[in-house]
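Colleague: Got a sequence here, can you model it:
(one chain, ligands or ions: 1)
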Amino acid sequence: MTVENISVNKSFGGWHKQYSHHSKTLNCAMRFAIYLPPQASNGKKVPVLYWLSGLTCTDENFMQKAGAQRMAAELGIAIVAPDTSPRGDDVADDDGYDLGKGAGFYVNATQAPWNRHYRMYDYVVNELPQLIESMFPVSDKRSIAGHSMGGHGALVIAMRNPQAYQSVSAFSPIANPVNCPWGKKAFTAYLGRDTTTWAEYDASLLMRQATEFVPALVDQGEADDFLIEQLKSEVLEAAANVSGYPLTLNMQEGFDHSYYFIASFIENHLRFHAEHLAK
Ligand SMILES: N[C@@H](CCC(=O)N[C@@H](CS)C(=O)NCC(=O)O)C(=O)O
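Modeller: As a prediction, this is how the structure comes out:
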């Protein structure tokens, strides 16, 4: 397997690097970024936080805007940020920003034309960690986090694979996609009109029925323009109350949907993950 290094930047005591590789799962070339903290240079294996970004993003938004490297360097955590969809000229797309490229929704598409490439669920759960753990000085201790569409992806992936992740966190997640316009549009296209197949990708439905738990932290801005129509964190909280899920939901006054919000609380999320990754 050829993995091509695209960029290297020193950042705090560690290194930010971008790579391109051929993904067997997605059937196209994919890019990801990794931040390796200084502890990874000392022959020691460090744990990994996977970060899933939101609509319109690539591997770069989080790495350039969240300001996570200083704390990751201090705590000794690697961070891996994949792209948000398959890419390339022969990959199906849509004119809308909320479907197709940049909007993979972390599902395995079953419907044409999407099912040729759109398998972001399998990519994040299987192929990416296998590649990361074979290439870098990292342990198999993993946590997962994300924003908006990526918050949805992180919650769904952690709840469906509770043995694979130590903790999960999300900023402004699309918490009940089967009941919001973004989710309905994407799931209809990728999964088809039979809504029974959507349930395995809905964080609130999964949380309501959960019997195995991954410690979960969610921050949601109260001034987020998408909160009421698209994100619906209150539905996630109600689901957690039904199953007794260990969810901490922080409603943050005055914060919107942007990376200014993420940058304000990323330290809390990294400390939360570090505590669970150390177990
Ligand atoms: N109204 C936005 C919706 C997309 C959006 O808000 N994307 C969020 C994730 S859901 C984001 O992180 N954007 C990129 C950035 O802020 O760097 C647009 O049309 O681009």
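Colleague: what's the nearest residue to the residue in the chain positioned nearest to the ligand if we skip its chain neighbours?
Modeller: Nearest residue of the chain to the ligand: residue 54, at 2.5 Å (C-beta to the nearest ligand atom). Where C-beta positions appear, they are placed from N, C-alpha and C, glycine not excepted. Nearest non-adjacent residue to residue 54, counting by C-beta to C-beta, 6 or more residues apart in numbering: residue 148, 3.3 Å away.
Colleague: Residue 213 contacts residue 245, correct?
Modeller: Yes - counting by C-beta atoms under 8 Å, residue 213 touches residue 245, with 5.9 Å between them.
Colleague: Just want to know which of the two has more residues nearby.
Modeller: Using other C-beta atoms under 10 Å, the more surrounded residue of residue 213 and residue 245 is residue 245, with 21 against 16.
Colleague: near the ligand, which residues of the stretch 1-150 of the chain?
Modeller: By C-beta under 6 Å from any ligand atom, the residues of the stretch 1-150 of the chain that approach the ligand are 54-57, 61, 65, 97, 147-149.
Colleague: Now which of the residues you listed would you call buried?
Modeller: Listed as buried from those are 54-55, 57, 61, 65, 147-149; burial here means 16 or more other C-beta atoms under 10 Å.
Colleague: now these in CSV, with pLDDT?
Modeller: Converted to CSV, those look like this (pLDDT from 0 to 100):
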residue, pLDDT
54, 98
55, 98
57, 98
61, 98
65, 98
147, 99
148, 98
149, 98
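Colleague: Help me confirm that the residue nearest to residue 54 comes into contact with residue 61.
Modeller: No - under the criterion of C-beta under 8 Å, residue 148 makes no contact with residue 61, lying 10.7 Å away.
Colleague: related to what we said a few turns ago, show me which pair in the buried ones among the residues of the stretch 1-150 of the chain next to the ligand is furthest apart.
Modeller: 65 and 149 (16.0 Å; C-beta to C-beta).
Colleague: can you pull out the strands in the protein?
Modeller: Ranges of strands in the chain, per DSSP state E, are 3-11, 14-23, 28-36, 46-52, 78-82, 138-147, 168-171, 216-221, 247-252.
Colleague: Can you list the strands that the fourth one pairs with?
Modeller: Note on strand 46-52: by DSSP bridges, its sheet partners are strand 78-82 (parallel), strand 138-147 (parallel).
Colleague: okay, those strands, which one's buried deepest?
Modeller: Mean neighbour count (mean count of other C-beta atoms under 10 Å) peaks for strand 78-82 among those, with a mean of 26.
Colleague: just the angle between it and strand 28-36, please?
Modeller: Interaxial angle, strand 78-82 versus strand 28-36 (axes from the mean of the first three to the mean of the last three C-alpha atoms, to 10 degrees): 160 degrees.
Colleague: send the alpha carbons of the biggest helix by length in the chain over as CSV?
Modeller: Ranked by number of residues, the top helix in the chain under DSSP state H is helix 259-277. Only the C-alpha atoms of helix 259-277 are listed here, as CSV (Å, rounded to 0.1, in the frame of the first residue of the first chain):
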residue,chain,number,x,y,z
TYR,A,259,-14.9,27.0,15.2
TYR,A,260,-14.8,30.0,17.6
PHE,A,261,-17.0,27.8,19.8
ILE,A,262,-15.0,24.7,19.3
ALA,A,263,-11.7,26.5,20.1
SER,A,264,-13.3,27.8,23.3
PHE,A,265,-14.0,24.3,24.7
ILE,A,266,-11.6,22.0,22.9
GLU,A,267,-9.3,21.9,26.0
ASN,A,268,-12.1,20.5,28.1
HIS,A,269,-12.8,17.8,25.5
LEU,A,270,-9.1,16.9,25.2
ARG,A,271,-8.8,16.6,29.0
PHE,A,272,-12.0,14.5,29.1
HIS,A,273,-10.6,12.1,26.5
ALA,A,274,-7.1,12.0,28.1
GLU,A,275,-8.7,10.9,31.4
HIS,A,276,-10.5,8.0,29.7
LEU,A,277,-7.6,7.1,27.4
